[in-house]
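# please find the sequence and the predicted model below.
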Amino acid sequence: MPDPSTLPDLVTARQELYKPTPADTEGLFAIFSDPLVWLHYPSLRHHHPDQTRAMLAAWLTSWQTHGLGSWVVRLPGENRIVGCCGCNVLRGQVWNLGYRFAADHHGRGLATEAAAAAVARAGQVDPALPIVAYLVAHNRASARVAEKVGLRVVHTLPDPGNPDPSVQRLVYADRALTAPQRAATAE
């Protein structure tokens, strides 16, 4: 019998989505440290693998606590991590949809395909929680992904912590948000 950790958790038309493991740190760091991946928000780029390890630890906690988190994404038959996507519970209020792909895999619809799978899974795991995606307003590619998976803008605010105070955060959601749910997306 194959080792379950080597089998994808979910297979889409063109991708294999795996629950992350600590062994994925290097592949994720390659994506999260690439300046081309962070053109819209350069201050979030990872400069040390410890940042990636901390992110990965949060994802693993989400999987253990909520039964869902972010996946690492590979193409069938390939070992290289080409991206990540998933839904993590944010402050106990909402599913936060996130996606990030290697620059050489942008523009292929991979983020949309993986995000659709993540939205569907979150709806199965806990349909009472709204699904949100928040992003900076000038990141039109990310906005298109959110829109294609059925989310719509429900809130706009200055982007907290952004070194450019003029940048706006768009909060997309699959439904109207309560005040505590909106507050969870504003930190």
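Yes, it's here. Numbering: from 1, shown residues only.

# which helix or strand contains the residue nearest the centre of the chain?
The centroid of the chain falls nearest to residue 98 when counting by Cα atoms, centre = their mean (1.7 Å). Taking DSSP states H and E as the definition, one finds residue 98 inside strand 94-101.

# give the partner strands of that strand in its sheet and their orientations.
For strand 94-101, the paired strands and their directions (DSSP bridges) read strand 81-90 (antiparallel), strand 131-136 (parallel).

# reformat those as CSV; add mean pLDDT, distance to residue 12 and mean neighbour count.
No exception for glycine: its C-beta is placed from N, CA and C like everyone else's. As requested, the strands paired with strand 94-101 are exported to CSV (pLDDT from 0 to 100; distance: least, Cβ to Cβ, whole Å; neighbours: other Cβ atoms under 10 Å):
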stretch, mean pLDDT, distance to residue 12, mean neighbour count
strand 81-90, 97, 10, 24
strand 131-136, 96, 17, 24
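
# closest to residue 66 out of these?
Smallest distance to residue 66 across those (Cβ to Cβ): 4.8 Å, for strand 81-90.

# contacting residues for the residue nearest to the centre of the chain?
Shown in contact with residue 98 (Cβ atoms under 8 Å, 6 or more residues apart in numbering): 70, 84-88, 133.

# which helices and strands sit right next to the biggest helix by length in the chain?
Residue-count comparison of every helix in the chain, with assignments taken from DSSP state H, identifies helix 49-66 as the longest. Of the remaining helices and strands, those touching helix 49-66 by 3 or more Cβ pairs under 8 Å, 6 or more residues apart in numbering; DSSP states H and E are helix 25-32, strand 81-90.

# rerun that using 6 Å as the cut-off
Here helix 49-66 touches helix 25-32, going by 3 or more Cβ pairs under 6 Å, 6 or more residues apart in numbering; DSSP states H and E.

# list the buried residues in the helix it packs on.
Of the residues in helix 25-32, those buried by neighbour count under the rule 16 or more other Cβ atoms under 10 Å are 25, 27-29, 31-32.

# over to stretch 62-73?
Neighbour-count burial for stretch 62-73, with 16+ other Cβ under 10 Å as criterion, is recorded at 62-63, 66, 68-73.

# sorry, back to before: mind saving the C-alpha coords of the longest helix of the chain as CSV?
Output for helix 49-66, consisting of C-alpha atoms alone and laid out as CSV, is shown next (Å, rounded to 0.1, in the frame of the first residue of the first chain):
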residue,chain,number,x,y,z
PRO,A,49,13.2,30.1,5.2
ASP,A,50,12.1,30.7,8.8
GLN,A,51,9.3,32.9,7.5
THR,A,52,8.1,30.0,5.3
ARG,A,53,8.4,27.5,8.2
ALA,A,54,6.2,29.7,10.3
MET,A,55,3.6,30.0,7.5
LEU,A,56,3.7,26.2,7.0
ALA,A,57,3.2,25.7,10.8
ALA,A,58,0.1,27.8,10.7
TRP,A,59,-1.2,25.8,7.7
LEU,A,60,-0.6,22.5,9.6
THR,A,61,-2.4,23.9,12.6
SER,A,62,-5.4,24.7,10.4
TRP,A,63,-5.4,21.2,9.1
GLN,A,64,-5.3,19.7,12.6
THR,A,65,-7.8,22.2,14.1
HIS,A,66,-10.3,22.7,11.3
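
# kind regards, and thank you for your time.
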